[in-house]
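Peer 1: Mind folding the following:
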Amino acid sequence: MEAVQFDSTNKELFLIKAPLPAEPNKNEVVIRVAYSGICGTDLHIAEGAFPCREMPVILGHEFSGVVTSVGRDVKHLKQGDNVVVDPNSGCLTCDACHNGNYHYCNGGGVDKITGIYQDGGWAEFCVVPADQVHILPNNISLEQAGLTEPLSCIAHGWDRITPIAVGSRILILGAGIIGNLWASILHLQGHRRVTVSEPQEARRKLFEKLETGFDIITPNELKTCRAKDPGWGVDLVIDCSGNAAAMEEALTLLNPGGTLCIFGVSSPKAKMSVSPYLLYKNELKIVAVKVNPFSFPKALGWIDVMGSRYLDYEKLGIKTYSLSQYKEALQDLKAGTIAKAMFKLEK
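Peer 2: Numbers count the residues shown, from 1 in each chain. Below is the predicted model:
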C-alpha cells in the first residue's frame with residue numbers, strides 16, 4: 001500500500017510502499033482510509049518543531065474510512081462500517097482518566113496519539129484500537145467526517161469558554177481551517193460581532209466564501225483599531241495561529257473581564273510575556289485548550305446540524321490531494337493558497 005512516512009532523524013517525508021496490515025489483534029480494527037487531513041501540527045512535526053516517534057512513522061491523525069476487518073473481541077464494529085477515528089487515548093486506570101481527562105494521562109494521551117506516535121492515516125490502510133473508532137450516522141458522509149477531529153477539539157474548547165454572552169465582540173486570530181471552523185461554529189450559534197485577523201491575502205479571500213458577514217482584516221489593520229479608538233476592545237480572543245506574539249498583543253485588546261483562548265498549537269520553544277498587573281487590573285482570563293477528551297460525539301452532532309451550509313470543502317478552503325501529491329499539498333498550505341489540505345483515498 002502507499003503511505004507517507006516521516007523520518008524524524010532527517011526531518012523528511014517520503015512516499016513509501018508499505019505492506020498491507022496483518023490481521024488485527026483482538027481489540028483492533030483495520031480501516032481503509034477515505035479522507036485524511038494535514039493538520040498544522042503535522043507541519044510543525046515536518047519542520048522538527050513538534051515531537052513525534054523517533055523511528056519513522058506514518059503521520060495522519062484526522063481521518064475517516066471504512067472498516068475492513070475486526071479483531072475477535074470487537075463487538076461494536078463490523079466489516080463495511082463507515083467510521084471516524086479519535087487519535088487520542090488514555091490508560092483508563094489513572095486519576096486523570098477516571099476524572100474524564102484522558103488527555104492528561106501519562107500512559108496515553110498525546111504521547112500515544114495515532115498519527116504522531118503510532119502509524120496513522122496518511123496511508124491506504126490503518127490499524128487502530130477499536131475503542132478509538134466511532135461509527136458514522138448514515139447522514140454524515142466520509143468527506144464531512146474528515147473534519148471530525150478538528151471539530152472535536154473545537155467542541156472541547158467551546159465547553160471551556162462558554163457561556164459566551166449574547167452580543168459579545170469576538171476576535172479570531174488566523175483564518176486557516178481552524179479559524180474558519182471556529183467562525184462557522186460561532187455563526188451557527190448566533191454570534192455576529194466577530195472579527196477575523198489573517199495576514200495572508202489569499203486566506204482572507206478564501207474566508208469570504210464562508211458568507212458569515214464577519215469582518216476579515218490584516219494584523220496591521222487590527223493594530224489601528226485601538227489607535228483610532230482607544231476604547232475599542234473585544235470580549236473574547238480565540239487564537240488559532242499558535243503565534244505567541246499575536247497572543248501577547250491580543251491580551252492588550254481585551255475588554256475588562258475578557259478571555260484569551262489559546263487554541264492554536266505553538267512550538268514548544270515559543271514564549272510570550274504577560275503583565276500580571278494587566279491581568280489583575282482587568283480581571284482577564286487565559287484559557288488553554290488541549291485536544292479533545294470525549295468530545296467526538298459532540299463533533300458528530302455539530303456535523304449533523306452544520307451540513308453543507310458550513311461544511312462545504314470549497315467554502316472552507318479545503319483542497320483534496322492524492323498521497324503522491326503530498327509535496328504539492330504542503331507547498332499550497334505554506335503558501336496560504338488553501339486553508340487545509342486533505343488526502344482523498346476514497347475511490
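
Peer 1: how about the helices in the stretch 1-150 of the chain?
Peer 2: In the stretch 1-150 of the chain, the segments counted as helices under DSSP state H, counting those that start in this stretch are 40-46, 95-98, 142-145, 148-161.

Peer 1: So which bits of the last one are buried?
Peer 2: Going by neighbour count (16 or more other CB atoms under 10 Å), the buried part of helix 148-161 is 148-158, 161. C-beta coordinates here come from the backbone N, C-alpha and C atoms, glycine included.

Peer 1: With stretch 99-107 instead?
Peer 2: So stretch 99-107, judged by 16+ other CB under 10 Å, has buried residues 101-105.

Peer 1: same check, this time on stretch 224-242
Peer 2: For stretch 224-242, by 16+ other CB under 10 Å, it's 225, 233-242.

Peer 1: thinking again about what came up before, in strands, which of the buried residues of stretch 99-107 appear?
Peer 2: The members of the buried residues of stretch 99-107 all map outside strands under DSSP state E.

Peer 1: can you list those residues in a markdown table and add pLDDT and distance to residue 333?
Peer 2: What follows is the buried residues of stretch 99-107, written out as a markdown table (pLDDT from 0 to 100; distance: CB to CB, whole Å):
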| residue | pLDDT | distance to residue 333 |
| --- | --- | --- |
| 101 | 92 | 31 |
| 102 | 90 | 29 |
| 103 | 90 | 25 |
| 104 | 91 | 30 |
| 105 | 90 | 31 |
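
Peer 1: Closest to residue 329 out of these?
Peer 2: Using CB to CB, residue 103 comes nearest to residue 329 of those, at 27.7 Å.

Peer 1: unless I'm mixing things up, residue 26 is touching residue 71, no?
Peer 2: Yes. The criterion here is CB atoms under 8 Å, and residue 26 meets it with residue 71 at 4.3 Å.

Peer 1: more neighbours, the two?
Peer 2: Per other CB atoms under 10 Å, whichever of residue 26 and residue 71 has more neighbours is residue 71, with 17 against 10.

Peer 1: I'd assumed residue 28 was in contact with that one.
Peer 2: Yes. Counting by CB under 8 Å, residue 71 touches residue 28, with 4.9 Å between them.

Peer 1: Now for the two: what residues contact both?
Peer 2: Listed as contacting both residue 71 and residue 28 by CB atoms under 8 Å, 6 or more residues apart in numbering are residue 130.

Peer 1: picking up where we left off before, now flag whichever of the buried residues of stretch 99-107 is closest to residue 54.
Peer 2: Looking across these and measuring by CB to CB, the closest to residue 54 is residue 105, at 20.7 Å.

Peer 1: which ones are touching that closest one?
Peer 2: By CB under 8 Å, 6+ apart, the neighbours of residue 105 are 90-91, 94, 96-97.

Peer 1: now do residue 258
Peer 2: 233-237, 282, 284-285.

Peer 1: picking that back up, can you redo the buried residues of stretch 224-242 as a markdown table, where the extra columns are pLDDT, secondary structure and distance to residue 271?
Peer 2: Putting the buried residues of stretch 224-242 into a markdown table (pLDDT from 0 to 100; DSSP: H, G, I helix; E, B strand; the rest coil; distance: CB to CB, whole Å) gives the following:
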| residue | pLDDT | secondary structure | distance to residue 271 |
| --- | --- | --- | --- |
| 225 | 88 | helix | 26 |
| 233 | 96 | coil | 25 |
| 234 | 98 | strand | 23 |
| 235 | 99 | strand | 26 |
| 236 | 99 | strand | 23 |
| 237 | 99 | strand | 18 |
| 238 | 99 | strand | 21 |
| 239 | 99 | strand | 15 |
| 240 | 98 | coil | 19 |
| 241 | 96 | coil | 15 |
| 242 | 94 | coil | 13 |
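
Peer 1: Redo these as a markdown table? Include distance to residue 339.
Peer 2: What follows is the buried residues of stretch 224-242, written out as a markdown table (distance: CB to CB, whole Å):
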| residue | distance to residue 339 |
| --- | --- |
| 225 | 24 |
| 233 | 27 |
| 234 | 22 |
| 235 | 25 |
| 236 | 22 |
| 237 | 20 |
| 238 | 16 |
| 239 | 16 |
| 240 | 11 |
| 241 | 13 |
| 242 | 15 |
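
Peer 1: Closest one of the residues you listed to residue 117?
Peer 2: Of these, the one sitting nearest to residue 117 (CB to CB) turns out to be residue 242, at 20.3 Å.

Peer 1: My read is that that closest one contacts residue 268, right?
Peer 2: No. The pair residue 242 / residue 268 is not scored as a contact, 11.0 Å apart, by CB under 8 Å.

Peer 1: For the buried residues of stretch 99-107, give me a markdown table that also has distance to residue 170.
Peer 2: A markdown table is the format used below for the buried residues of stretch 99-107 (distance: CB to CB, whole Å):
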| residue | distance to residue 170 |
| --- | --- |
| 101 | 27 |
| 102 | 29 |
| 103 | 25 |
| 104 | 28 |
| 105 | 32 |
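
Peer 1: Could you single out the nearest of those residues to residue 322?
Peer 2: residue 103 (32.3 Å).
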